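K.L.:
sequence and predicted structure below; questions after.
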Number of protein chains: 2
Amino acid sequence: MSTAAPRRPKPRHADRSSTWDGISVDNANNGLTRERIVAAAVALADKDGLAAVSIRKIASELEASAMALYHYVPSKRDLLNLMLDATYTEFELPPPDVADWRASLHHFAWESRRSLQRHPWVSLLRANDPEYGPQCIRSLEALLTRLSRFGLDIRNAIHLIGALFVFVNGFVALEDIYQGEQPLFSEAVLATGNFPKVARFIQMGAEPPDQAFERALNWMLDGMASDIKHQLRPPKNRIR
Amino acid sequence: MSTAAPRRPKPRHADRSSTWDGISVDNANNGLTRERIVAAAVALADKDGLAAVSIRKIASELEASAMALYHYVPSKRDLLNLMLDATYTEFELPPPDVADWRASLHHFAWESRRSLQRHPWVSLLRANDPEYGPQCIRSLEALLTRLSRFGLDIRNAIHLIGALFVFVNGFVALEDIYQGEQPLFSEAVLATGNFPKVARFIQMGAEPPDQAFERALNWMLDGMASDIKHQLRPPKNRIR
DNA sequence: ACTTACTTTCGTACAGTGTACGAATATGGT
DNA sequence: ACCATATTCGTACACTGTACGAAAGTAAGT
């Protein structure tokens, strides 16, 4: 080789065209792996919240130094994207026996909410310009395929999914705050007694969130149904 | 005097029963004020985003030291709450000439979105366990009063507002990300060509957000209308 | 003017963050 | 043994919120 000077080896992630390449399977349980790092980060976020996720804490969880992680993950932002994508591996599509597009979307909304409740930090991540990865894209593609079987053209399907996605994300992002122990409204202000309706607002906030979610979701689905139903193509029961 | 040792004076904010007390009017333009601090923080967040808001940067903007701010604001969390509440001062109620509850809520949703677009960091703040202050409470009380005039009982009004609030917040939180220059989906993954429907999803994301917002909002309002209309009391045109 | 009480400002310090840089070590092929 | 490469680590820098105590400014009483 002509260059006798020892080239500094490029870190592995620099060889990848993007964050999402080369998710190799390396099952050594002791060594560092991208998967192990992401899993530790997810576990940490589930336990102590997104703000508690730091490179140093993840590293100490894995009994490695902070900088060692940077050989498997180019930056914290990429790590967060990987965490986001990892949550989509447990995302379940509507089962094949659902009756129509409305039931599919109902299932999609609830499954999204369940996933977000398991990992509340995801709704925060989504508001911090993430880049969605292959697992998410796969799920989305599959859902769009399901819906198109029920006679929805892609344009409509996309609009429906988008609206529901935004709604569910907004709901879950705020729901655990409403449910938290911190008072949502300044109690000093409410104590003046000048705001009786808001006071009742707060009492009703104690409604089970599942119930509020189902009601609002049905409002949305009802509105969609009455708007869309004229434009449905006949479902693809034919040979294809 | 028995205690010759000079007592350390308690800082002013310690004398207040909460963050929201004693928003006094001190119009000296050079001296520090809670209002000036909050205004500087809001301006900074508007310009460079919520992540760029730091005590030291605000202080340097006001040509003061970092610690000087802590005499007017107990902590950064309280400062963020004050910023949040400040945005409600520009929030406009539905004008008195709107026809019915649906139009009122339509106006409310659009006004919320306009406000959130002026201050995109608010949707982030809302997901970080804030405490809503007097301006917000005032607005909410007034809106509830407006709605009750159209024959909505408070229980229903609260459910409607809650659902719309969550939807609008979710929409705006994600809309500026969709609109950003960063690719939302990994282009490396899409380049495989395995996900044609998602590819179309992205193209359609270029739809003007106002249009998507109005459509989804109407879905929600339509669903609400068909659900609620049976339970309307006659509007209060009587003496009161 | 001088003292005293109090308010407001500031400097320093500490623990934490992401990560750039270069040195140290481990690993595997010849 | 040698050496190219892969992996790990220690140190350092700029930044964060804020605890603590000293300093400076201000107003009232004598």
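P.N.:
Sure thing, it's come through.
K.L.:
and stretch A:78-92, which residues are buried?
P.N.:
By neighbour count on 16 or more other CB atoms under 10 Å in any protein chain shown, the buried set for stretch A:78-92 is A:78-88, A:91. For the C-beta atoms, the positions are set from N, CA and C on the backbone; glycine is no exception.
K.L.:
in TSV, list those along with pLDDT and secondary structure.
P.N.:
Output for the buried residues of stretch A:78-92, formatted as TSV (pLDDT from 0 to 100; DSSP: H, G, I helix; E, B strand; the rest coil):
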residue	pLDDT	secondary structure
A:Asp78	98	helix
A:Leu79	98	helix
A:Leu80	98	helix
A:Asn81	98	helix
A:Leu82	98	helix
A:Met83	98	helix
A:Leu84	98	helix
A:Asp85	98	helix
A:Ala86	98	helix
A:Thr87	98	helix
A:Tyr88	97	helix
A:Phe91	95	coil
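K.L.:
would you check which pair of these lies furthest apart?
P.N.:
Greatest spacing in those, by CB to CB: A:Asp78 and A:Phe91 (20.7 Å).
K.L.:
mind listing the helices for chain A?
P.N.:
Secondary structure of chain A (DSSP state H): helices located at A:34-48, A:55-61, A:76-87, A:101-118, A:121-126, A:134-149, A:154-178, A:187-190, A:196-204, A:209-228.
K.L.:
CSV for those helices, including distance to B:Cys136?
P.N.:
Listed next are the helices of chain A as CSV, based on distance: least, CB to CB, whole Å:
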stretch, distance to B:Cys136
helix A:34-48, 29
helix A:55-61, 35
helix A:76-87, 30
helix A:101-118, 25
helix A:121-126, 21
helix A:134-149, 34
helix A:154-178, 14
helix A:187-190, 9
helix A:196-204, 9
helix A:209-228, 20
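K.L.:
show me the shaky parts of chain A.
P.N.:
By pLDDT under 70, the low-scoring segments of chain A are A:1-18, A:21-30, A:232-240.
K.L.:
how much space between the closest residue to A:Ser123 other than its chain neighbours and B:Gly170?
P.N.:
Nearest-residue entry for A:Ser123: A:Ala173, 4.0 Å, with adjacent residues in sequence omitted and distances by CB to CB, 6 or more residues apart in numbering or on different chains. As judged by CB to CB, to the nearest Å, A:Ala173 and B:Gly170 stand 7 Å apart.
K.L.:
got it, and A:Ala66?
P.N.:
Per CB to CB, A:Ala66 is found 35 Å from B:Gly170.
K.L.:
look at these two and report which has more neighbours.
P.N.:
Applying other CB atoms under 10 Å in any protein chain shown to A:Ala66 and B:Gly170 shows that B:Gly170 carries more neighbours, namely 26 against 13.
K.L.:
spit out the contact partners of the nearest residue to that one once chain neighbours are set aside.
P.N.:
Excluding the flanking residues, the one nearest B:Gly170 by CB to CB, 6+ apart is A:Gly170, at 2.0 Å. For A:Gly170, the contact set (CB atoms under 8 Å, 6 or more residues apart in numbering or on different chains) comprises B:166-171, B:173.
K.L.:
what does A:Leu160 give?
P.N.:
By CB under 8 Å, 6+ apart, the neighbours of A:Leu160 are A:101, A:105, A:147, A:152, A:224, A:228.
K.L.:
okay, those residues in JSON lines with neighbour count and distance to DNA strand C next?
P.N.:
JSON lines is the format used below for the contacts of A:Leu160 (neighbours: other CB atoms under 10 Å in any protein chain shown; distance: CB to the nearest atom of the strand, whole Å):
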{"residue": "A:Trp101", "neighbour count": "26", "distance to DNA strand C": "42"}
{"residue": "A:Leu105", "neighbour count": "27", "distance to DNA strand C": "37"}
{"residue": "A:Leu147", "neighbour count": "24", "distance to DNA strand C": "38"}
{"residue": "A:Leu152", "neighbour count": "25", "distance to DNA strand C": "41"}
{"residue": "A:Met224", "neighbour count": "24", "distance to DNA strand C": "40"}
{"residue": "A:Ile228", "neighbour count": "18", "distance to DNA strand C": "44"}
